[in-house]
Structure formats: structure tokens, C-alpha cells
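1. Provide a 3D model corresponding to the input given below.
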Amino acid sequence: MVGWSILGILLIAVATLLLARFVFNKQVEAYLCNSLKNEMVEKLKDAGKYVPDTTSYHFAYQKDSVQSQKIREYFKLDTVVSSTMPTWDKAISLARFVAENIPHANQKINPKRRNAIDLWKYTRSIEPAFNCRLHSILLHELLLSEGIVNRIVTCHPADSEDSDCHVVNLVWLPELQKWAMLDSDMKAWAEDEKGTPLSLTEMRERYIDGREIVYRPLLNSDNDFVYYRAYWAKNLYWFDTWETTGYGREDNNPAYRNNNRHIVLVPSGFKGFELPDHSVLTTDTSRFWAAPKISNCHLLDLPQEQMK
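-> This next block holds a predicted model:
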């Protein structure tokens with residue numbers, strides 16, 4: 001009995017130490033993440049203001065009814081969404097579908113084809129997970145197939161030595177007449193205190209103003225979003241997105257050969273980075289984040305080799 005009592009005491013002591021270590025590690029993590037977040041928020045506050053300009057560009061959201069049908073059938077999207085769902089509910093369901101089936105990872109072998117169907121095949125035969133850009137490409141095309149206008153947006157830090165950016169989808173919600181950020185890679189979206197989904201520019205403004213951002217998990221999770229909050233504070237400094245987007249946007253599609261420009265939004269006076277090729281620089285936030293002109297969307301006949 002004495003032996004068992006001593007063993008029990010030892011087990012309790014070990015469990016207590018492990019628990020204390022876990023709690024301590026969580027506290028240290030929270031402290032470091034909050035410190036990073038505060039530092040990055042100060043950079044946002046110190047950034048130059050956005051100012052109107054006359055830079056010439058026009059966002060186009062191209063459609064392809066044949067490819068839309070092909071994607072809906074391939075992924076059996078009628079089992080994921082219904083035609084009666086509001087746009088945001090559809091978008092969340094599609095992002096959840098991607099998040100449930102494809103984890104985040106920095107893939108070792110880059111896929112040769114970068115469209116929804118081939119990226120899905122890649123995860124079933126080569127590597128089971130991939131990074132945020134590939135997540136965004138896949139979700140982009142699923143959303144398009146359901147008639148949901150969206151952009152792939154790359155979100156960058158102020159530090160030119162920091163090559164770690166984040167790529168998400170920006171979804172247009174016609175019912176609310178606003179954009180909303182959706183992140184299938186890190187499995188989350190952002191809301192205000194009233195439950196309204198937030199866009200990237202609204203998130204940036206709220207970090208600067210100190211207003212609340214509520215992060216919601218796409219999957220059941222006990223994520224406290226401590227790291228995620230700091231990560232977003234870092235990556236809301238400047239942005240770039242395709243001027244023209246649609247199916248096969250990053251799949252060497254010859255249909256985009258003459259529509260290959262990046263539109264880059266930066267704070268005025270910011271020059272600490274290298275622009276991607278075919279880039280157009282703007283400091284005009286109102287035009288960059290303007291509502292899409294849906295009436296100007298047009299059908300795009302993709303070459304048949306892109307449909308395979």
C-alpha cells in the first residue's frame with residue numbers, strides 16, 4: 001500500500017509539472033504573440049495614408065459556364081451547397097469543404113497544374129496538403145462555379161526582408177454590398193462585434209483604431225487565435241491582386257496572356273519592396289476595394305486543353 005501511495009504521489013507530481021509546463025508555454029506564446037501584434041499595429045499606424053490617384057486599371061471577373069458546370073459536377077457541389085443559401089453561407093460551406101479535406105503545409109513538390117480539379121488530384125496522389133496560395137486558387141474556382149465573385153489577394157508585411165505573406169479569398173456579398181475575407185488555409189474568417197463579416201481593409205482599419213475583431217473557426221476548434229491575430233497584424237500592410245481573374249488564372253492559361261497585370265495597393269510613400277512583373281501601383285484604397293461592376297463581367301472561352 002505504501003508503494004502504491006508513493007507511486008500515486010509521483011504520478012500526481014509529474015502530471016502537475018506537465019500541466020504547469022503546458023500552461024506556462026501557453027502564457028509565453030500569448031505574451032510573444034501579443035508583443036508581435038502590438039509592434040505590427042504600430043507599423044500600420046505609422047504607415048502613410050492612402051490617397052486618391054488616377055492610375056488606370058479595371059478589375060474584371062470573367063466567367064465560363066462550361067467550366068463552372070464541370071467543377072460543380074466533379075466536386076459534387078450540390079451536396080455541399082444549395083441554390084437557396086445566401087452568398088455568405090455558400091462561401092463558408094465551400095471554404096469548410098476545402099479546409100476539411102486539405103490541411104495547410106508548405107508543399108515539397110509544386111504542382112504542375114494550378115486549377116481546382118488538378119489541385120484536388122494533386123492532394124490525392126502526390127502530397128495531401130499545400131500552402132495558402134494553392135488553397136486560394138482552389139477555393140477561388142469553387143466559388144466562381146457557384147456564381148460567387150471573388151478575388152485572390154496576397155497580403156504583405158512592411159518588412160522587405162520578410163518573405164512570409166498570406167493569400168486569401170476576398171468574397172463579394174451582394175446581399176450586404178460588401179467584401180468579406182475568407183481563409184480556408186488557416187481555417188477562419190473575421191467578423192465585427194455584431195457578426196458582420198469583415199473585409200481586409202476593415203480588418204486593417206480595426207487594428208489601427210483598436211476596435212474588436214472576432215475571428216471564427218471554419219472547423220470545430222479550440223483555437224484562441226492568439227497567433228492568428230498577430231499574423232494578420234503583420235500582413236495587412238500592402239496588397240496585390242490580379243486585375244483580371246477567372247478559371248485557370250495561375251495555370252499558364254493563354255487566355256490571360258494580354259490580361260496579366262497585378263494591381264498593387266500600398267500606403268503613400270512606401271517603397272520597401274520589389275514589385276511583381278506586370279504590376280500597377282496605386283495608393284487609392286476606395287477604387288482598389290470598390291464594389292465589383294458585375295455588369296462588366298463577360299464569358300471567357302478557355303482553350304480546350306485547359307478543361308482537361
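2. just checking, next helix/strand downstream of the worst-scoring helix or strand of the chain on mean pLDDT?
-> Lowest on mean pLDDT, DSSP states H and E among the helices and strands of the chain sits helix 2-46, with a mean of 69. Downstream of helix 2-46, the first helix or strand assigned by DSSP states H and E is strand 60-61.
3. If you average the pLDDT over that next one, what comes out?
-> Here strand 60-61 scores 91 as its mean pLDDT.
4. which strands and helices sit next to it?
-> The contact analysis (3 or more Cβ pairs under 8 Å, 6 or more residues apart in numbering; DSSP states H and E) places strand 60-61 against strand 244-245. No exception for glycine: its C-beta is placed from N, CA and C like everyone else's.
5. What's the mean pLDDT across the strand or helix carrying Ile71?
-> If you go by DSSP H and E, Ile71 is part of helix 65-74. Averaged over helix 65-74, pLDDT sits at 97.
6. partners of Thr241 in the sheet?
-> Counting by DSSP bridges, Thr241 is bridged to Val153, Ile263.
7. Who are the contact partners of the closest residue to Leu134 other than its chain neighbours?
-> Nearest non-adjacent residue to Leu134, counting by Cβ to Cβ, 6 or more residues apart in numbering: Leu119, 5.8 Å away. Neighbouring residues of Leu119 by Cβ atoms under 8 Å, 6 or more residues apart in numbering: Pro111, Arg113, Phe130, Leu134, Ile137, Leu138.
8. Can you name the residues bridging to the residue nearest the centre of the chain?
-> With distances taken as Cα atoms, centre = their mean, the residue of the chain nearest its centroid is Val168 (1.6 Å). Counting by DSSP bridges, Val168 is bridged to Val153.
9. what about it, distance to Thr241?
-> Distance, Val168 to Thr241, using Cβ to Cβ, to the nearest Å: 11 Å.
10. okay, stretch 162-181 in PDB with CA atoms only?
-> This file holds the C-alpha atoms of stretch 162-181, laid out as PDB (Å, rounded to 0.1, in the frame of the first residue of the first chain):
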ATOM      1  CA  ASP A 162      10.200  39.200 -44.500                       C
ATOM      2  CA  SER A 163       9.100  37.000 -47.400                       C
ATOM      3  CA  ASP A 164       6.300  35.400 -45.500                       C
ATOM      4  CA  CYS A 165       3.000  36.800 -46.800                       C
ATOM      5  CA  HIS A 166      -0.500  35.400 -46.700                       C
ATOM      6  CA  VAL A 167      -3.000  34.700 -49.500                       C
ATOM      7  CA  VAL A 168      -6.800  34.600 -49.000                       C
ATOM      8  CA  ASN A 169     -10.000  35.000 -50.900                       C
ATOM      9  CA  LEU A 170     -12.000  38.200 -50.800                       C
ATOM     10  CA  VAL A 171     -15.700  37.300 -51.400                       C
ATOM     11  CA  TRP A 172     -18.300  39.800 -52.700                       C
ATOM     12  CA  LEU A 173     -21.600  39.600 -50.800                       C
ATOM     13  CA  PRO A 174     -24.300  41.200 -52.900                       C
ATOM     14  CA  GLU A 175     -26.900  40.900 -50.100                       C
ATOM     15  CA  LEU A 176     -24.700  43.100 -47.900                       C
ATOM     16  CA  GLN A 177     -23.000  45.100 -50.700                       C
ATOM     17  CA  LYS A 178     -19.500  44.400 -49.200                       C
ATOM     18  CA  TRP A 179     -16.400  42.300 -49.400                       C
ATOM     19  CA  ALA A 180     -15.500  39.600 -46.800                       C
ATOM     20  CA  MET A 181     -12.200  37.800 -46.100                       C
END
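11. Check which residues of that stretch are buried.
-> 165-173, 178-181 (16 or more other Cβ atoms under 10 Å).
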